[in-house]
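Participant: Show me the folded form of this:
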Amino acid sequence: AAQWMILVLAVAAVASAFVHPPHVSEHPRVQASPAPPAPPGLPWFNPAIPIAQRVAMLVGNMSLSEKIGQLNNGAPAITRLGLIEYDYWSEAAHGVAWAGKATVFPASIGMAAAFDPDLLYHAGAVIAREARAKHNDYVQRTGASGTFFGLDFFAPNINIFRDPRWGRGQETYGEDPFLSATLARAMITGMQWSVENTSFVGVVATAKHFAAYNLESNYADGGTDGQYRLRFDANVSRADFIQTYLPAFKSAIEQGGAKSVMCSYNAVNGYPMCASPLLQSVLRDELGFDGYIVTDCGAVDFMVTEHHWTNDVVNASALALKAGADLCCGSEYSNLDKALARGLVTEADITQAVTRVLTRRFELGMFDPPASVPLTNLTLAEVDSPANREIALRITQESIVLLRNQGPLLPLSASVKHIAIVGPEANRTSAMLSNYPGCSPLADGDAQVDPSCTLINPLEGLTTAANKRGIAVDYAQGCDIDTTRTDGFAAALAIASKADVTIAVMGIITCQEEGDQCIEAEAHDRVALGLPGKQLAFLQALKNVTKNIVLVFVNGGPISEPWTGLNIPAILDLWYAGEEAGTALANVLFGDVNPSGRMPITVVQNTTQLPDYLSLEMALPPGRTHRYFTGVPMYTFGYGLSYSTVNYSNLDVFPGTVPHDGVLSITVQVSHVTGPDVSEVVQVYTSLQNPPTHPNMSVPVQELKAFQRVLVTAGSTTTVHFQLKASDFQLVGPDGVLATQPGTYAVWVGGVNPRWSTPYTQAEPVAAPVQGSFSIA
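Facilitator: Next up is the predicted model:
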């Protein structure tokens, strides 16, 4: 199975990953110490000389030990050469993380639900500007750049959310390769946007985790190992590797221009990824990647202690460097001098790695006069500015998915004069933060909120909005996230029985690897998908005292609770929604904003609809993700309601037969029928009819091929155009070659997945997608 890995893949994708060792607090961090200014006259500080030449001159003046010192994430200063102390480890999954106050966007899974690459681009640009402001301030104060205050970011996480039980699925852009690829490209280009009229980039983005990284533990397989990821060997077919696990990374490199990728903890088909031949054959040879590859933190050591790939860290360091891992997150590359003495590496190998790493710092403008690098002028006033908060609010509003709206109960009518707010998530501000957050320090356990930050939780946002409308508000928590306590039921039921509408904010929480009532996290996968603790019992008791319940889920991974889908009239998914969670939720519930989010992941009815957790085979019955799943889910990928109804018509698919190298044109009309203006997510799905069957092939049941956000105003009809190439319909054939697949295809265009109707959604006023067909010769 491993033989195909050492070939140059016909199609590849790049990934990179950052995950820290089992306890992040144990990882050594750079303690910044001021460094004197660079000696004058060093030629690599001359911006008139091409960067490649400047890097070569700098590296040529470094001793062997100085070169090796620059290959761990905490790189020391080299004063005589003008290098300040610099740590490459910074984080920004959904805002600058672990560095104090920052704009906190929704968790990546929430941003994915917005289906809006333009907004993700702007979020990436906000991250870059705030990172620059923090870096500028830190360097000015200390003369160095410490951990989490550099300009190299181990983000975004663009792995596929293969199984809804994965604890880090919240960090991803969902289960679909096309959606993930599109959003990865948008975020990376936003983070690395070129500074006006210069060649400098905002920050260095690291696409992670290369490759096929999508589990933390073996809990769902009946095990007890929370760190199973450190030794897991993913058995991946060539077809699944190319068609599912690599497209987002391919997009990140070829279109997004990611300047860094990270190799993951796991092995793929026998090779620990940080010693895998894929680093060279895929990233370098096939994709032409010229940035640096960084190891996941501690991954070199884990090749010895967890994978038992080699017998000591000197060998492991040599294997990683020779495979193409340029930078070590950790300190293991300090052993490269010993590896050189043993003849395991050459100085040329070390020189090549340090050249790749330092080139990125030149592209950031670190060796140019500050006056010529516009971003060096940014100050802390940039951080969480009103303009940045507005972008966070827009993304949060677009990310909210309306799953059910019987009556309709929403938007709340003017007749509502008294609301009750209940549930363990309503007033839990830290629950809005997700993994790798801003406004929270790095520490094992529950997230702590930085007091300098303004985070608006659901209770606060709803109370403010209600007060403006003269609506009375009562609050009682009711129950915990995950305990057996029921002593809070009575107070919550009492206020609900007297209110016109009750808003129940329920769900799950994350933590930094371990924490009180933590449900999903890094090093913590889920076993069940329902509401934990006594939350369902509380909801059922609530239903006995009031019928007007709005259920709001707070979560990263999906929540599947079938009883709610048949008994609660209105349900929304808020996700871990970031700093504007409460404001966005209030705007949607009171009708100031028309909900438009779509599910970026399939919500199965229960875990019996999921294949073996440790299998990465996509088509393993009953199939993984909407592309392969053959059962009936609770909510489909791409599903979401609004307060409006629209109609799709006049689908035109041209030509009927597309040449092997041709272009397919798709046109559809979207007409507003009722309700307010709506931002409609128009989606294109296709399915190969009568597909070939072969054990080496992995043919999806359906695929998302395109989407657009389109504003449809009241009473209007909008024409939406898509263009697809025949080469967009490629499969890995029986011979292992990726090629355009001829045949007849069904095509659907609509605001939801063509398989949207389930027992939990069939009563909703959804316009069915229109269907057509075409053939590829």
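
Participant: Now do the helices for the stretch 451-600 of the chain: every range, in order, please.
Facilitator: Here the stretch 451-600 of the chain has its helices, by DSSP state H, counting those that start in this stretch, at 458-468, 489-498, 535-543, 562-567, 581-589.

Participant: what packs against the fourth one?
Facilitator: Okay, so that is helix 562-567. Identification of packing neighbours for helix 562-567 by 3 or more C-beta pairs under 8 Å, 6 or more residues apart in numbering; DSSP states H and E yields helix 535-543. In this view, the C-beta of every residue, glycine as well, is placed from N, C-alpha and C.

Participant: So what's the residue count around the nearest residue to Tyr475 once chain neighbours are set aside?
Facilitator: Excluding the flanking residues, the one nearest Tyr475 by C-beta to C-beta, 6 or more residues apart in numbering is Ile421, at 4.7 Å. Neighbour count of Ile421, defined by other C-beta atoms under 10 Å: 28.

Participant: can you pull the contacts of Leu433?
Facilitator: By C-beta atoms under 8 Å, 6 or more residues apart in numbering, Leu433 lies in contact with 104, 439-440, 447, 449, 455, 510, 576, 578.

Participant: Make JSON lines out of those and add distance to Asp116, neighbour count and pLDDT.
Facilitator: Shown next, in JSON lines, are these (distance: C-beta to C-beta, whole Å; neighbours: other C-beta atoms under 10 Å; pLDDT from 0 to 100):
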{"residue": "Val104", "distance to Asp116": "18", "neighbour count": "32", "pLDDT": "98"}
{"residue": "Cys439", "distance to Asp116": "23", "neighbour count": "30", "pLDDT": "94"}
{"residue": "Ser440", "distance to Asp116": "26", "neighbour count": "23", "pLDDT": "89"}
{"residue": "Ala447", "distance to Asp116": "26", "neighbour count": "24", "pLDDT": "74"}
{"residue": "Val449", "distance to Asp116": "27", "neighbour count": "17", "pLDDT": "90"}
{"residue": "Leu455", "distance to Asp116": "22", "neighbour count": "22", "pLDDT": "97"}
{"residue": "Thr510", "distance to Asp116": "24", "neighbour count": "30", "pLDDT": "93"}
{"residue": "Tyr576", "distance to Asp116": "18", "neighbour count": "30", "pLDDT": "98"}
{"residue": "Gly578", "distance to Asp116": "15", "neighbour count": "30", "pLDDT": "98"}
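
Participant: Those into JSON lines, with extra columns for distance to Phe148?
Facilitator: Formatted as JSON lines, the contacts of Leu433 follow (distance: C-beta to C-beta, whole Å):
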{"residue": "Val104", "distance to Phe148": "15"}
{"residue": "Cys439", "distance to Phe148": "13"}
{"residue": "Ser440", "distance to Phe148": "12"}
{"residue": "Ala447", "distance to Phe148": "15"}
{"residue": "Val449", "distance to Phe148": "17"}
{"residue": "Leu455", "distance to Phe148": "19"}
{"residue": "Thr510", "distance to Phe148": "19"}
{"residue": "Tyr576", "distance to Phe148": "20"}
{"residue": "Gly578", "distance to Phe148": "19"}
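
Participant: per-residue confidence for Val24?
Facilitator: With respect to pLDDT, Val24 scores 29.

Participant: do the same with Gly445
Facilitator: Predicted confidence (pLDDT) for Gly445: 65.
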